[in-house]
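K.L.:
Below is the sequence, then the predicted model.
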Amino acid sequence: MDETCNVLVIDDEAVIREGLRQTLVQEGYRVELAANGKIGLDKLQKDSFDIVISDLKMPTMHGIEVLKTIRILQPEIPVIIITGYATVDSAVDAMKNGAFDYLTKPFLPEQIVEKIQAAEKHRAARLTELPQGIDKVEIPACGSFVGRSKPMQKVFQRLLQVAPTNSTVLITGESGTGKELAARAIHNHSQRKEQPFVAVDCNALAENLLESELFGHVKGSFTGATQTKPGLFSVASGGTLFLDEISNLSMTTQAKLLRVLQQREVTPIGGTKATAIDIRLIAATNRSLEIMVEAGTFRDDLYFRLNIIPVELPPLRERPGDAAVLINHFVRKFSEEIGKEIKGITPEARISLENYSFPGNVRELENIIERAVVLAQGEQICRGDLELPGAADDDEEEINIPLNSEELKEKKRLARERAVEPVEKAFVFAALERNNWNVTKAAEETGMLRPNFQAMLKKLGVSVKNHSAS
Ligand SMILES: Nc1ncnc2c1ncn2[C@@H]1O[C@H](COP(=O)(O)OP(=O)(O)OP(=O)(O)O)[C@@H](O)[C@H]1O
Ligand SMILES: [Mg+2]
């Protein structure tokens with residue numbers, strides 16, 4: 001053993017913990033102790049451990065729960081279960097849930113050392129045979145989740161590990177990092193995939209509306225409740241409920257949500273009858289709930305209930321190599337969708353993209369490529385098609401022109417505009433044609449805001465009036 005092996009011991013009995021520490025330290029192991037499952041799992045996420053020893057019967061969190069969670073969070077760590085009750089059932093249960101081995105109390109020091117040595121060998125063997133990088137997770141009906149960077153491979157692995165379970169997942173990450181995509185990936189790889197995936201944007205609704213949306217209401221329970229309406233907890237029954245932007249829940253709604261989750265049943269507003277809920281919950285946030293808990297604006301008990309399996313999506317700038325595969329992915333996607341034969345992207349364009357910081361993360365990259373595919377006039381996307389914010393106007397052939405002249409700049413802008421005009425025109429005409437010259441629908445289809453779409457029409461001198469009657 002050239003590196004010290006780190007062992008985490010989770011047991012509610014101080015005597016056992018201390019006894020194990022003494023034995024293991026004597027044998028040259030580094031040992032951390034945790035008095036319950038929650039503390040143990042917390043330590044597991046902060047430090048790196050090679051082996052976990054956990055008691056089975058503990059007050060706050062049963063050993064099987066601890067075991068199951070470790071299997072999802074860090075499947076490569078062998079878990080040895082120790083139990084004070086030599087029941088066949090509990091041992092079988094532990095093994096069925098992926099324990100590496102088990103031991104009944106009382107045991108001799110050499111017995112536990114033997115098990116740990118076996119676990120070490122097992123772990124070493126597993127590490128070498130671990131599947132080589134997953135660089136993509138297919139999400140039927142919503143494309144694929146791509147990335148080849150180390151952090152994203154970890155994310156993919158975790159998504160696939162957690163998908164078949166019913167565990168609550170908390171997805172965090174900056175805007176545009178793929179939180180919703182991650183939630184869909186979990187749903188589509190779970191046994192609930194044939195059942196509904198219901199996404200609720202906690203941002204979009206006023207507090208009173210949100211509660212009636214979530215929990216439902218009975219007719220006449222408040223002004224405007226003209227019909228009895230089932231809540232989204234019922235609509236999502238059997239499937240997955242995705243609470244997006246959960247940090248925006250008010251304290252009152254947080255309390256109500258917590259009660260529903262604790263009791264696993266929901267009572268509609270104005271109703272008296274509670275119905276049991278059967279949903280898998282996934283929550284997402286781009287703000288740190290941990291900080292909000294400290295600030296007192298998010299309930300800690302709700303946070304603990306949501307943060308069973310954390311999935312953190314790193315910003316795109318921290319995923320080396322991902323921009324390159326995402327560029328290829330989106331070029332292919334949009335040339336197919338738009339029906340243009342774009343074969344790729346010029347090296348200069350690729351370099352400027354790879355040097356860009358993407359504050360809007362993958363969503364921003366996606367939008368840039370979509371626009372570039374629309375604008376591109378050749379088979380390749382050029383740097384000019386990218387229109388990166390803040391990019392200098394430094395096209396190769398123009399690099400020597402004195403740029404301090406406003407006139408020149410304006411000329412250049414006009415030239416570019418003239419070059420893209422026919423393409424833009426074809427683009428808006430096609431969108432309008434497909435949508436019967438309905439501006440709202442055409443804007444929606446192209447993913448543009450209506451005012452922006454209208455501004456584009458105006459700039460291009462396209463009049464909708466002559467067509468709308470036909
Ligand atoms: N790794 C990826 N591979 C392919 N497409 C991706 C990837 N990550 C994100 N996308 C795409 O980028 C867009 C933004 O992703 P998504 O909506 O999941 O982000 P988000 O984190 O929920 O953002 P927000 O916080 O703004 O709601 C979507 O169109 C999604 O399909
Ligand atoms: Mg989102």
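P.N.:
In hand now; what should we look at? Ligands and ions are numbered 1, 2, ... in the order given.

K.L.:
Residue 174 against residue 315, yeah?
P.N.:
Yes: contact criterion CB atoms under 8 Å: residue 174 and residue 315 qualify, at 5.0 Å. (C-beta placed from N, C-alpha, C; glycine too.)

K.L.:
which neighbours do these two share?
P.N.:
Common neighbours of residue 174 and residue 315, using CB atoms under 8 Å, 6 or more residues apart in numbering, are residue 361.

K.L.:
how about low-confidence regions in the stretch 1-150 of the chain?
P.N.:
1-2, 85-88, 127-136, 139-143 (pLDDT under 70).

K.L.:
For the stretch 251-400 of the chain, just list every one of the strands.
P.N.:
When assigned using DSSP state E, counting those that start in this stretch, the strands of the stretch 251-400 of the chain occupy the ranges 265-266, 275-276, 280-285, 309-313, 344-345, 380-381.

K.L.:
pretty sure residue 191 contacts residue 165?
P.N.:
No: assessed by CB under 8 Å, residue 191 is found out of contact with residue 165, at 9.6 Å.

K.L.:
Which one's more surrounded, these two?
P.N.:
residue 165 (18 against 12; other CB atoms under 10 Å).

K.L.:
Let's verify the more buried one: helix, strand, or coil?
P.N.:
coil (DSSP: H, G, I helix; E, B strand; the rest coil).

K.L.:
The nearest residue to it once chain neighbours are set aside: what's it in contact with?
P.N.:
Leaving aside its sequence neighbours, residue 165 sits nearest to residue 72 (CB to CB, 6 or more residues apart in numbering; 6.4 Å). Contacts for residue 72 (CB under 8 Å, 6+ apart) come out as 158, 161-162, 165, 167, 309.

K.L.:
If you rank those residues by neighbours, which is first?
P.N.:
Using other CB under 10 Å as the neighbour criterion, residue 162 leads the contacts of residue 72 with 24 neighbours.

K.L.:
Tabulate the contacts of residue 72 (CSV), appending pLDDT.
P.N.:
Rendered in CSV, the data for the contacts of residue 72 read as follows (pLDDT from 0 to 100):
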residue, pLDDT
158, 91
161, 89
162, 92
165, 91
167, 93
309, 93
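
K.L.:
Mind picking the one among these that's closest to ligand 1?
P.N.:
Nearest to ligand 1 among the contacts of residue 72: residue 158, at 14.0 Å, using CB to the nearest ligand atom.

K.L.:
Torsion angles phi and psi at the closest one?
P.N.:
phi -70, psi -40 (degrees, to the nearest 10).

K.L.:
surely it meets residue 313?
P.N.:
No: using CB under 8 Å, residue 158 is not in contact with residue 313; the gap is 10.7 Å.

K.L.:
just for the stretch 351-470 of the chain, where's the confidence low?
P.N.:
391-423, 466-470.

K.L.:
Try it again at 90.
P.N.:
351-355, 378-379, 387-439, 442-470 (pLDDT under 90).

K.L.:
Flag every residue of it that's near ligand 1.
P.N.:
Taking CB under 6 Å from any ligand atom as the criterion, the stretch 351-470 of the chain approaches ligand 1 at residues 362-363, 366.

K.L.:
Give me the domain ranges for this structure.
P.N.:
The chain resolves into domains spanning 6-129, 136-314, 321-388, 418-470 when parsed by automatic domain parsing.

K.L.:
Now render the ones you listed as CSV, adding distance to ligand 2.
P.N.:
Output for these, formatted as CSV (distance: least, CB to the ion, whole Å):
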stretch, distance to ligand 2
domain 6-129, 23
domain 136-314, 4
domain 321-388, 9
domain 418-470, 15
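
K.L.:
what about residue 199, which SS state?
P.N.:
Assignment for residue 199 (three-state DSSP): strand.

K.L.:
what's the neighbour count on it?
P.N.:
Residues near residue 199, counting by other CB under 10 Å: 18.

K.L.:
Let me know the pLDDT of the closest residue to it other than its chain neighbours.
P.N.:
Nearest in space to residue 199, with sequence neighbours left out and distances taken as CB to CB, 6+ apart, is residue 242 at 4.3 Å. Looking at residue 242, its pLDDT reads 97.

K.L.:
so residue 242 sits in a strand?
P.N.:
Yes: using three-state DSSP, the assignment for residue 242 is a strand.

K.L.:
correct me, but it touches residue 282?
P.N.:
Yes: between residue 242 and residue 282 there is a contact under CB under 8 Å: 4.9 Å.

K.L.:
where do the contact lists of those two overlap?
P.N.:
183, 187.

K.L.:
And the residue of this structure closest to ligand 1?
P.N.:
Closest point on the chain to ligand 1, by CB to the nearest ligand atom, is residue 178, at 2.9 Å.

K.L.:
what's the burial count for that residue?
P.N.:
Counted by other CB under 10 Å, the residues lying close to residue 178 total 21.

K.L.:
Any figure for the gap between it and residue 172?
P.N.:
Residue 178 sits at a distance of 12 Å from residue 172 (criterion: CB to CB, to the nearest Å).

K.L.:
any common contacting residues for those two?
P.N.:
residue 313.

K.L.:
For residue 56, see how far away the residue nearest to residue 165 is.
P.N.:
Distance from residue 72 to residue 56, by CB to CB: 18 Å.

K.L.:
same thing with residue 302?
P.N.:
Taking CB to CB, one finds residue 302 at 28 Å from residue 56.

K.L.:
Likewise for residue 6?
P.N.:
Plainly put, residue 6 is 22 Å away from residue 56 if you go by CB to CB.

K.L.:
Around ligand 1, pick out the residues from the stretch 51-200 of the chain.
P.N.:
Within the stretch 51-200 of the chain, the residues that sit near ligand 1 (CB under 6 Å from any ligand atom) are 145-147, 173, 175-181.
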